[in-house]
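Student: Predicted model, plus sequence, below.
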Amino acid sequence: IDTQEVLSAASTKWNFLPFKPGLVGGHCIGVDPYYLAQCAQRYGYNPELILSGRRMNDGMGEYVANQVIKLMLKKGIQVLHSSILVLGFTFKENCPDVRNTKVVDIVRSLEEYHLDITIYDPWANGEISLKEYGLELTNELPEEKYDAAILAVAHNEFMGLDLNGLLKSKHVIYDVKGILDKQLVDGRL
């Protein structure tokens with residue numbers, strides 16, 4: 001079942017709230033539930049739903065990375081030392097804040113495969129990402145051709161981006177935020 005189609009159908013309900021899947025970073029959703037869970041446990045309550053949701057969200061970066069690798073293998077793309085373009089590093093779109101970003105989880109999981117990873121984010125501060133995460137990023141759109149692209153953050157700058165111009169003829173496009181045309185992508189949440 002396509003998640004975006006389910007959300008489209010659900011939006012016909014009068015009180016529908018359009019929450020979309022993605023990487024849940026930041027402080028409010030990424031950190032605060034742990035405070036609530038700790039407080040609940042202190043009073044003898046086991047907040048299973050809160051902790052289950054956090055486990056799901058905390059594993060999403062690794063899930064995305066594994067899905068990209070599987071798609072590359074299905075297309076016969078050599079994974080070892082392949083080049084991957086990660087589009088976006090901030091914790092949410094059109095915002096420069098990289099604190100508690102979950103995109104780092106995708107990158108860390110991909111690093112286990114010995115890939116050449118380029119992180120492009122026109123909003124993020126490269127000095128902060130290097131200091132906080134030890135990861136270099138660029139604010140300028142790269143000119144090389146990549147084996148795969150992962151749209152991790154829905155910055156406005158990425159909406160009209162010609163991804164095919166950034167990719168090799170045989171490639172994988174993975175859309176974490178579900179903002180790209182379904183016909184253009186190989187996988188999405």
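Tutor: That came through fine.
Student: At the geometric centre of this structure, which residue do we find?
Tutor: Centroid-nearest residue in the chain: residue 152, 3.4 Å away (criterion: C-alpha atoms, centre = their mean).
Student: Surely that residue is in contact with residue 86?
Tutor: Yes: with contact defined as C-beta atoms under 8 Å, residue 152 counts as touching residue 86 (5.7 Å). Placement of C-beta: from N, CA and C, glycine included.
Student: So for these two, which residues contact both of them?
Tutor: Residues touching both residue 152 and residue 86 (C-beta atoms under 8 Å, 6 or more residues apart in numbering): 103, 106.
Student: just to revisit the earlier point, state the distance from the residue nearest to the centre of the chain to residue 52.
Tutor: 24 Å (C-beta to C-beta, to the nearest Å).
Student: and if you look at residue 130?
Tutor: 34 Å.
Student: can you give me the helices in this structure?
Tutor: 3-10, 32-42, 48-58, 60-74, 103-111, 126-133 (DSSP state H).
Student: so the fourth one versus helix 48-58, what angle?
Tutor: Counting by axes from the mean of the first three to the mean of the last three C-alpha atoms, to 10 degrees, helix 60-74 lies at 40 degrees to helix 48-58.
Student: circling back to that earlier point, tell me which of the helices of the chain is the most buried.
Tutor: Highest mean neighbour count among these (mean count of other C-beta atoms under 10 Å): helix 103-111, with a mean of 21.
Student: What lies in contact with that one?
Tutor: Outside helix 103-111, the residues touching it (C-beta under 8 Å, 6+ apart) are 23, 25, 58, 60-62, 64-66, 68-69, 84, 86, 88-91, 117, 119, 133, 135, 150, 152-153, 176.
Student: chain center to the longest strand along the chain: distance?
Tutor: Counting residues, the longest strand in the chain under DSSP state E turns out to be strand 167-175. The chain centre lies 16 Å from the centre of strand 167-175; the measure is C-alpha atoms, centre = their mean, to the nearest Å.
Student: Can you list the strands that that strand pairs with?
Tutor: According to DSSP bridges, strand 167-175 forms sheet pairs with strand 146-151 (parallel), strand 187-188 (parallel).
Student: by how many degrees do it and helix 103-111 diverge?
Tutor: Interaxial angle of strand 167-175 relative to helix 103-111 (the same axes, to 10 degrees): 130 degrees.
Student: Does residue 4 touch residue 185 like I think?
Tutor: No: if you go by C-beta under 8 Å, residue 4 and residue 185 don't touch, sitting 10.8 Å apart.
Student: will you turn the strands paired with strand 167-175 into a markdown table that also has distance to residue 11?
Tutor: As requested, those are exported to a markdown table (distance: least, C-beta to C-beta, whole Å):
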| stretch | distance to residue 11 |
| --- | --- |
| strand 146-151 | 22 |
| strand 187-188 | 18 |
